[in-house]
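Peer 1: Okay, sequence plus prediction incoming.
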Amino acid sequence: MATDHATSSTFTPASGLPAPLAPDRLERLAARVAAAPGAARVTTTAPYTGVPLADLPVSTPADVEEAFGRARVAQRAWGATPLSARKKILLRFHDLVLAHKDEALDLMQAENGKTRRDANLEVIDIAITSRYYARNAARYLNPKRRRGAMPLLTHTTERRHPKGVVTVISPWNYPLSMAAGDAIAALMAGNAVVQKPDTQTALTALWSLGLMREAGLPADVWQMVVGRGSSIGGALMDNADYMMFTGSTASGRKIASAAGERLIGASLELGGKNAMIVLDDADIDKAADGAVNACFPSAGQLCVSIERLYVAESIRDEFVAAFVARTKNLKMGAAYDYSVDVGSLTTPSQLSTVTTHVDDAVAKGATVRAGGRARPDLGPLFYEPTILADVTPDMTLHDSETFGPVVSIHPYRDVDEAIELANSSPYGLNASVWTGNGARGRAVAARVHAGTVNVNEAFAAAWGSIDAPMGGMGDSGLGRRHGADGILKYTEAQTVAHQRVQGFYPPARVSPETWAAMLAGAMKVLKAAGVR
């Protein structure tokens, strides 16, 4: 099978891209978009430099319809493929991703503007996800005996069937984790997938699609379309048997409503205004390091990153000084290696949001402790890691998601107040608690209204615990990825019950009254025997 693998090399300032991302290679990636010959094209730009990056075909609603038609045909054979065969494909994909990880890192940095360190975490995440579902899907999906209505007389089995064709709509901020990660579980469950990655980061998604096909996945089982939601979103929803969406809460509400009208399932990971609580017994240096890693990965463009930081009054000054010093020492820049700590924002609209939020806060009295300005000297979309104090409810960023390298610091008097403040947001995606006492931290974490809460970590501990569910509460969404929930949501549960010898109605020559008394007596015996 032909591939487009290339060896990674250094950043080429003249083009703004690594040398391996040559136009012919990018065009081979673009050719994987499900679009008719002669389709309209859209050009993306590289965040580091603003230079043109990719020229992609744009799918039409008719292209989406055709993709679903091919997917439905392919899914019938794929759904009948033994789990053992699907497992081998995912494990080969795992190996291919690791073998060619530098290609993925180059693409993610070129399209998203993140650092190589942050991009590498996405590669590791996809390897973990592939291996987990390859090796654990059978225990979730194989038929299971269940207790029958009548002991010994009712043989009951739970079976799991694929939904059919799943729509995956993935965002630009984590172009490999969100694109391939959500598709992996759906594919392992026997579904076909029609996916719309965000146009800005479609190359990374198309790269993962190519590797999955190289691993042995039939071509039409996983397809990708490119286009605006306003153009092809209706076709993606109208043809879906299940919807997986990661994006804004506003868009998620519309998708949930449309899915409800169609009576199909939907899993939605939406916005967040995540809180970090630093307890009075926390190690200051470790908590300050943790705060840097919580707030500024991928320039803060991470759904589970921290935007609100609550610190016990007794240690506030010491903690803030340590956090500010570390933040000011972060190295910003555009480099296709591991030499920088913070990269670029991804789109002009994101830079506009960050700038507007910070400027509004400062105009209303917030104090800038670090950062607070754009850095056009580094590139068109760079913004300094920013720490704000004295943030009040009348400021936009107090409650609204910024989705950038900005965090506000607030003091609290006691633990009850800290939890109340952390829970004051309608969002509930992720949270972090820092303490010198693990049992205390876990007790506080259990009181926080968030789908994942990390103790003495920012987000990676919960996210990386892939055997456990990950998702949001409140305005942060519905459904879960990872663990059993992450694959069972892509299935329909079916109960097959075989009644043997005697049913629920009285046999011949037994009166209804006698039969009723016998059934009641049997219930008492079963209870006394401890039968569940």
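Peer 2: Done, it's in. Residues are numbered from 1 along each chain as shown.
Peer 1: Tell me where the stretch 401-532 of the chain has helices.
Peer 2: Ranges of helices in the stretch 401-532 of the chain, per DSSP state H, counting those that start in this stretch, are 415-422, 438-445, 460-464, 483-488, 512-528.
Peer 1: So which of those is nearest Arg131?
Peer 2: Closest approach to Arg131 among these is made by helix 460-464 (12.5 Å; C-beta to C-beta). Placement of C-beta: from N, CA and C, glycine included.
Peer 1: next one: that closest one to chain centre, how far?
Peer 2: With C-alpha atoms, centre = their mean, to the nearest Å as the basis, helix 460-464 stands 12 Å off its chain's centre.
Peer 1: Other residues contacting that helix?
Peer 2: With contacts defined as C-beta atoms under 8 Å, 6 or more residues apart in numbering, helix 460-464 is touched by 121, 125, 128, 304, 430, 452-455, 468, 470.
Peer 1: What's the mean pLDDT across it?
Peer 2: Averaging the model's pLDDT scores along helix 460-464 yields 96.
Peer 1: cool, and stretch 438-455?
Peer 2: Mean predicted lDDT for stretch 438-455 stands at 98.
Peer 1: likewise stretch 311-318?
Peer 2: The model assigns stretch 311-318 a mean pLDDT of 98.
Peer 1: In that stretch, which of the residues would be classed as buried?
Peer 2: Counting neighbours by 16 or more other C-beta atoms under 10 Å, one finds that the buried residues in stretch 311-318 are 311-312, 315-316.
Peer 1: Convert the C-alpha atoms of that stretch to CSV, please.
Peer 2: Extracted C-alpha coordinates of stretch 311-318, given in CSV (Å, rounded to 0.1, in the frame of the first residue of the first chain):
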residue,chain,number,x,y,z
VAL,A,311,-5.8,29.6,46.9
ALA,A,312,-6.1,29.4,50.7
GLU,A,313,-5.5,32.9,52.2
SER,A,314,-2.8,31.6,54.5
ILE,A,315,-0.5,30.7,51.6
ARG,A,316,-1.8,33.0,48.9
ASP,A,317,1.1,35.4,48.7
GLU,A,318,3.7,32.7,48.8
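Peer 1: how far out from the middle of the chain is it?
Peer 2: Using C-alpha atoms, centre = their mean, the offset of stretch 311-318 from its chain centre is 33 Å.
Peer 1: what's next to that stretch, contact-wise?
Peer 2: 278-280, 282, 284, 319-320, 409-413, 418.
Peer 1: Serialize the helices of the stretch 401-532 of the chain to CSV and add fields for distance to Leu351.
Peer 2: CSV is the format used below for these (distance: least, C-beta to C-beta, whole Å):
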stretch, distance to Leu351
helix 415-422, 28
helix 438-445, 34
helix 460-464, 26
helix 483-488, 33
helix 512-528, 66
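Peer 1: rank those helices by pLDDT, which is bottom?
Peer 2: helix 512-528 (a mean of 92).
Peer 1: pLDDT score assigned to Met150?
Peer 2: Value for Met150, per-residue pLDDT: 88.
Peer 1: count of neighbours near it?
Peer 2: Residues near Met150, counting by other C-beta atoms under 10 Å, number 18.
Peer 1: Confirm it sits in a strand?
Peer 2: No. Per DSSP: H, G, I helix; E, B strand; the rest coil, Met150 lies outside any strand segment and is coil.
Peer 1: Look up phi and psi at Lys114.
Peer 2: Dihedral angles of Lys114 (phi, psi; degrees, to the nearest 10) stand at phi -80, psi 170.
Peer 1: ok, it touching Ala299?
Peer 2: Yes. Counting by C-beta atoms under 8 Å, Ala299 is a contact partner of Lys114 at 6.8 Å.
Peer 1: quick one, longest helix in the protein?
Peer 2: If you go by DSSP state H, the chain has its longest helix at helix 116-141.
Peer 1: Columns mean neighbour count on top of the helices of the stretch 401-532 of the chain, output as CSV?
Peer 2: Below are the helices of the stretch 401-532 of the chain laid out as CSV (neighbours: other C-beta atoms under 10 Å):
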stretch, mean neighbour count
helix 415-422, 18
helix 438-445, 16
helix 460-464, 19
helix 483-488, 20
helix 512-528, 11
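Peer 1: excluding its backbone neighbours, what's nearest Ser267?
Peer 2: Gly479 (3.1 Å; C-beta to C-beta, 6 or more residues apart in numbering).
Peer 1: Neighbours of Gly272, how many?
Peer 2: Using other C-beta under 10 Å, Gly272 has 28 neighbouring residues.
Peer 1: and it, what element?
Peer 2: If you go by DSSP states H and E, Gly272 is not part of any helix or strand.
Peer 1: I'd guessed it sits against Gln301; true?
Peer 2: No. The criterion here is C-beta under 8 Å, and Gly272 misses it with Gln301 at 11.8 Å.
Peer 1: Appreciated, that's everything.
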